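S.K.: predicted model, plus sequence, below.
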Amino acid sequence: MTDVTPSGIAPAPLRAWPYWMTMTFVPLVILAVTQGGWTILLIPFYGWVLMPLLDLVLGKDLRNPDPETPVEELFWFRLLTIIWFPVQFALVYGTLYYVTRVAEHSTLETLGIMFAIGVTTGVVGIVYAHELFHKSNRLERNLGDLLMALVLYGHFRTEHLLVHHPWVGTPRDTVTARYNEGFHRAFARILMTGFGSAWRAEKAMLARKNRSAFHPSNPIWKYLVLQSLFLALAFGIGGWVGVGLFMFQALVAIWQLELTNYVEHYGLTRKHLGNGEYEPVKPHHSWDSAHRVSGLLLINLQRHADHHVHPMRRFPLLQVYDESQVPMLPTGYPPMTFMAMIPPLWRRLFNPRVRNWRRQFYPEIDDWGPYKTWDLPMPKGAG
């Protein structure tokens, strides 16, 4: 184990209990579902207001854990992500049962409750799914698929592993936000093209095995079956109203996910080397953040540069880089995603940062026109 991190700060001790703060969503959901009214607002307030305020008070955590820590020492970290699927399953379907069969909430309250559920399945569920499906362990990967099916976005696993990670910052990546592209336009583009992109990626992988895209081993069939089963269960509980409410929380969760994707790579591009070749992924191709409390809430997703360099590294071991190596966000993710909802404000703050990033990391590039418009060739072998 090293004595100090590259930044000269003592290594961070590994403590799992602070990450378990996400379990506080459970009593907040139960309170909102059973009481309605103003209690519904507690969930978005907790994630979007309280966490950023605590970030302001407690600041950044610039310490890095030992990345060589054996997996046997990470039991309590892993357990948190493993148990979240049954917790989320109970929250989603328990809520559907209560609001369609027991409660007498108004339509507005019911929609507010399902919006709050979507915040939970997006802020916690999808982030945990992301951690799980990045692992080779079959249990963890299957749990990741189940969590994504609960928000009707199963193809995201394929899109993320086979497209986003290898081709981030190139024209092939669906979720890299283009320079000057507002979030709403990016969100519509991703919703329209994401599934097809995932299908093409799986088709290309199967072709290398001399198999058809319709072969049973294509995991997209698994995603569709799981999603169909979860929709059927929603129908069994609440009829078509239950299906509509289930789909609504899924949309809210997907919106949360794509807001995060938008922030993570806005305007950052890999250098085109010619003939469809691009430079390897480097730490400076992601916006990073070391804010303490939102890092706990999002299990270090904000240490995104290291995640792209070491995609199999478990979340408690992710490293934070110096500002000379990566572009840094001014806050944690929650305020940034809120700002992304207002494109003129976002561009006013971030376009100058992107231009500074270009000068810092690519002083040799004089013409950024093709990078702004994505008038560049698709990467070789991108499927």
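M.R.: Now that the structure is in, tell me what you want to look at. Values in this document were obtained by computation on a predicted structure and should not be read as measured data.
S.K.: local confidence estimate at Gly381?
M.R.: We have a pLDDT of 82 for Gly381.
S.K.: quick one: it is in a strand?
M.R.: No - applying DSSP: H, G, I helix; E, B strand; the rest coil, one finds Gly381 to be coil, outside a strand.
S.K.: what about it, how many residues close to it?
M.R.: By other C-beta atoms under 10 Å, 11 other residues sit near Gly381. All C-beta spots, glycine's among them, are computed from the backbone N, C-alpha and C.
S.K.: swap in Val225?
M.R.: 12.
S.K.: in which helix or strand does it reside?
M.R.: In the assignment (DSSP states H and E), Val225 maps to helix 219-265.
S.K.: tell me, how many residues neighbour the nearest residue to Gly122 once chain neighbours are set aside?
M.R.: Nearest-residue entry for Gly122: Gln256, 3.0 Å, with adjacent residues in sequence omitted and distances by C-beta to C-beta, 6 or more residues apart in numbering. When neighbours are counted by other C-beta under 10 Å, Gln256 registers 24.
S.K.: now the phi/psi pair for the nearest residue to Leu139 once chain neighbours are set aside, please.
M.R.: In this structure, Leu139 finds its nearest non-sequential neighbour in Ile82, 7.3 Å apart by C-beta to C-beta, 6+ apart. With angles defined as degrees, to the nearest 10, Ile82 sits at phi -70, psi -40.
S.K.: Ile82 against Asn142, yeah?
M.R.: No - contact between Ile82 and Asn142 fails when scored by C-beta atoms under 8 Å: they sit 10.7 Å apart.
S.K.: what is the rounded mean pLDDT of the helix holding Val225?
M.R.: 98.
S.K.: who are the packing partners of it?
M.R.: helix 75-97, helix 107-120, helix 138-149, helix 156-158, helix 183-207, helix 333-340 (3 or more C-beta pairs under 8 Å, 6 or more residues apart in numbering; DSSP states H and E).
S.K.: tilt between that helix and helix 333-340?
M.R.: Interaxial angle of helix 219-265 relative to helix 333-340 (axes from the mean of the first three to the mean of the last three C-alpha atoms, to 10 degrees): 80 degrees.
S.K.: just checking: what are the partner strands of whichever helix or strand comes after helix 219-265?
M.R.: Following helix 219-265 in sequence order, the next helix or strand is strand 272-274 (DSSP H and E). Strand 272-274 pairs in its sheet with strand 277-278 (antiparallel), by DSSP bridges.
S.K.: centre of the chain to the helix or strand following the partner strand, how far?
M.R.: As assigned by DSSP H and E, the chain's next helix or strand after strand 277-278 is helix 292-297. Its chain's C-alpha centre and that of helix 292-297 lie 14 Å apart, by C-alpha atoms, centre = their mean, to the nearest Å.
S.K.: now helix 292-297: mean pLDDT?
M.R.: pLDDT averaged over helix 292-297 gives 94.
S.K.: any residues touching that helix, and which ones?
M.R.: Residues from elsewhere that reach helix 292-297, judged by C-beta atoms under 8 Å, 6 or more residues apart in numbering: 18-19, 21-22, 47, 51-52, 54-55, 58-61, 123, 289, 301-303, 332-334.
S.K.: narrow those residues to just the buried residues.
M.R.: Neighbour-count burial (16 or more other C-beta atoms under 10 Å) applied to the contacts of helix 292-297 gives 19, 22, 47, 51-52, 54-55, 61, 123, 289, 301-303, 332-334.
S.K.: out of those, which are inside helices?
M.R.: 51-52, 54-55, 333-334 (DSSP state H).
S.K.: end to end, how far does stretch 97-108 reach?
M.R.: 17 Å (C-alpha to C-alpha, to the nearest Å).
S.K.: buried residues, it. List them.
M.R.: 98-100, 103, 105.
S.K.: find the pair from these with maximum spatial separation.
M.R.: Thr100 and His105 (10.1 Å; C-beta to C-beta).
S.K.: who touches both of these two?
M.R.: By C-beta under 8 Å, 6+ apart, no residue touches both Thr100 and His105.
S.K.: wait, Ala340 touches Asn261, no?
M.R.: No - applying C-beta under 8 Å, one finds Ala340 not in contact with Asn261, separated by 10.2 Å.
S.K.: what residue ranges in the stretch 1-150 of the chain are flagged as low confidence?
M.R.: Within the stretch 1-150 of the chain, the stretches with pLDDT under 70 are 1-10.
S.K.: tell me which residues touch the residue nearest to Leu139, please.
M.R.: Contacts of Ile82 (C-beta under 8 Å, 6+ apart): 132, 139-140, 143.
S.K.: ok, the residue lying closest to His105 once chain neighbours are set aside - how many residues close by?
M.R.: Excluding the flanking residues, the one nearest His105 by C-beta to C-beta, 6+ apart is Gly36, at 4.9 Å. The number of residues packed near Gly36 is 19, by other C-beta under 10 Å.
S.K.: contact partners for Pro283?
M.R.: 305-306, 308-309, 321, 325-326.
S.K.: can we see that at 6 Å?
M.R.: Listed by C-beta atoms under 6 Å, 6 or more residues apart in numbering, the contact set of Pro283 reads 305, 309, 321, 325-326.
S.K.: host element of the residue sitting furthest away from the middle of the chain?
M.R.: Ranked by distance from the centre of the chain (C-alpha atoms, centre = their mean), the top residue is Glu104, with 34.3 Å. Following DSSP H and E, one finds Glu104 outside all helices and strands.
S.K.: what about it, distance to Gly36?
M.R.: 9 Å (C-beta to C-beta, to the nearest Å).
S.K.: and stretch 226-233, how far out from the chain middle?
M.R.: 22 Å.
S.K.: that stretch: which residues count as buried?
M.R.: Using 16+ other C-beta under 10 Å as the test for burial, stretch 226-233 gives 226-227, 230-231, 233.
S.K.: could you dump those to JSON lines with distance to Phe89?
M.R.: What follows is the buried residues of stretch 226-233, written out as JSON lines (distance: C-beta to C-beta, whole Å):
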{"residue": "Leu226", "distance to Phe89": "12"}
{"residue": "Gln227", "distance to Phe89": "14"}
{"residue": "Phe230", "distance to Phe89": "9"}
{"residue": "Leu231", "distance to Phe89": "14"}
{"residue": "Leu233", "distance to Phe89": "9"}
